[in-house]
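Trainee: Everything below, folded, please.
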Amino acid sequence: MNQVKPDAIVIGAGVSGLTTAICLAEAGVHVTIWTAEPTEETTSMAAGAMWGPYHVEPLDRVQAWGAATLDILRRLADDLGTGVRLVSGIEAARELVDPPAWGGQLDRFRMCAADELPPGFAAGWRYTAPLVDMPTYLGYLRRRLADAGGHIERRRVTAFTEAVAEAPVVVNCTGMGARELVPDPDLFPIRGQLVVVENPGLTEFFSEDTGSSPDLLHYYPHGDTLVLGGTAQTNAWSREPDPEVAATIVRRCGEVEPRLRDARIISHRVGLRPTREQVRVESQELYGGRIIHNYGHGGAGVTLSWGCAADAAALTIAALA
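Mentor: Model (predicted):
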């Protein structure tokens, strides 16, 4: 336990909490993270994870947060120890649809010719984007926080008053925990399930534009392993892998890439995407202290992480001043 009280307490040790704490610590703020569960058990660890805004609002702020994060992830890709790499691949749709508005931000973005697409797909686009191996990346973030003087404590918070008593500013990066802690009844989970398999030799990603379907299809190469996805099940709370869902994920991916049909399964991942109508990054006076909210990123937690963290850190520093 630290003997000196921190300037700020960040609640939550997922990608949002770690990134925000790093921004604060590297700006000279004495910061401590309180977390009910280790980083390895957070929703962030279950992510795929490729840069790309995923059903999040408000559009103007999301564009700025995403662009800021994309710039940093590109730079981190120069260091193998971060777990970030620039990977090329294809996103495709089974119907004629327009490419995503954010496509122009990515390297080598172009429309695909018909013979580049898997059977059954009508449109697609090729690009290069940051792909993040979350176990490696979260370890990198923890080391970077420690190097900047930040600390992590295992401590479950049931009310903001507990943290306000210990620091003048509290940063809420609790993800789905914000539903009860704030409380925020508008926050709901979108359950994601992934299957990690032995990589049969794939070096490029593939992702299907499935619109609003709860059944996703993508595979992301991470060296010797491949992450297959996925699901987007609204208001589903279980964090236990569903064997039937896992089998369906493997089957769908195997229909696009036959080498995946018999790939050896290594592990399963499940996470609850903390979703609300709009991402919440704002300051609030509460319980005699200042609460800075940074949650509700849905499936775009990694994609928006550095942009949102910079804004949350700026609000924190302004409150401390």
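Trainee: mind listing the strands for the stretch 151-300 of the chain?
Mentor: For the stretch 151-300 of the chain, the strands defined by DSSP state E, counting those that start in this stretch occupy 151-154, 169-172, 188-198, 205-208, 215-222, 225-231, 233-234, 265-286, 289-297.
Trainee: Most tightly packed of these?
Mentor: Mean neighbours per residue, mean count of other CB atoms under 10 Å, is largest over the strands of the stretch 151-300 of the chain for strand 169-172, with a mean of 29. The way it works is simple: take the backbone N, C-alpha and C, and place the C-beta from them, glycine included.
Trainee: would you put the C-alpha positions of that strand in CSV?
Mentor: The C-alpha trace of strand 169-172 is given here as CSV (Å, rounded to 0.1, in the frame of the first residue of the first chain):
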residue,chain,number,x,y,z
VAL,A,169,-9.8,13.5,-8.5
VAL,A,170,-11.2,10.0,-9.4
VAL,A,171,-11.2,8.7,-13.0
ASN,A,172,-14.0,6.2,-13.7
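Trainee: what distance separates that strand from the centre of its chain?
Mentor: Centroid separation for strand 169-172 versus its chain: 20 Å, with CA atoms, centre = their mean, to the nearest Å.
Trainee: swap in stretch 160-168?
Mentor: A distance of 27 Å separates the centroid of the chain from that of stretch 160-168, by CA atoms, centre = their mean.
Trainee: So for the lengthiest helix in the chain, what gets flagged as buried?
Mentor: Using DSSP state H, we find that the single longest helix of the chain is helix 301-320. For helix 301-320, a neighbour-count test (16 or more other CB atoms under 10 Å) marks 301-317, 319 as buried.
Trainee: Could you do stretch 172-188 as well?
Mentor: Neighbour-count burial for stretch 172-188, counted by 16+ other CB under 10 Å, picks out 172-179, 181-182, 184, 187-188.
Trainee: could those residues go into CSV alongside pLDDT and distance to C23?
Mentor: What follows is those, written out as CSV (pLDDT from 0 to 100; distance: CB to CB, whole Å):
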residue, pLDDT, distance to C23
N172, 98, 15
C173, 98, 11
T174, 97, 17
G175, 97, 18
M176, 97, 22
G177, 97, 21
A178, 97, 19
R179, 97, 25
L181, 96, 22
V182, 95, 22
D184, 97, 23
L187, 98, 23
F188, 98, 28
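Trainee: and of those, the nearest to G201?
Mentor: Closest approach between the buried residues of stretch 172-188 and G201, by CB to CB: G175, at 35.1 Å.
Trainee: my guess is the closest one meets G14, correct?
Mentor: Yes: with contact defined as CB atoms under 8 Å, G175 counts as touching G14 (5.8 Å).
Trainee: anything in contact with each of the two?
Mentor: T42, T43, G301 (CB atoms under 8 Å, 6 or more residues apart in numbering).
Trainee: Among those residues, which one sits closest to D115?
Mentor: Sorting the shared contacts of G175 and G14 by how near they are to D115, with CB to CB, puts G301 at the top with 35.8 Å.
Trainee: now I152: how far from E37?
Mentor: Look at I152 and E37: by CB to CB, to the nearest Å, they are 11 Å apart.
Trainee: list residues touching both of those two?
Mentor: Shared contacts of I152 and E37, defined by CB under 8 Å, 6+ apart, are found at A13.
Trainee: now the end-to-end length of stretch 162-182.
Mentor: 13 Å (CA to CA, to the nearest Å).
Trainee: what does stretch 72-87 give?
Mentor: Stretch 72-87 has an end-to-end distance of 15 Å (criterion: CA to CA).
Trainee: ok now it, how far from the chain's centre?
Mentor: Distance, centroid of stretch 72-87 to centroid of chain: 15 Å (CA atoms, centre = their mean).
Trainee: In that stretch, which residues are buried?
Mentor: Using 16+ other CB under 10 Å as the test for burial, stretch 72-87 gives I72, L73, R74, L76, A77, T82, G83, V84, R85, L86, V87.
Trainee: Secondary structure element for the nearest residue to the last one once chain neighbours are set aside, which one?
Mentor: So the one you mean is V87. Leaving aside its chain neighbours, V87 sits nearest to L131 (4.2 Å; criterion: CB to CB, 6 or more residues apart in numbering). Per DSSP states H and E, L131 falls inside strand 123-132.
Trainee: Show me what that strand is packed up against.
Mentor: Applying 3 or more CB pairs under 8 Å, 6 or more residues apart in numbering; DSSP states H and E, one finds that strand 123-132 contacts helix 59-76, strand 84-93, strand 107-111, strand 215-222.
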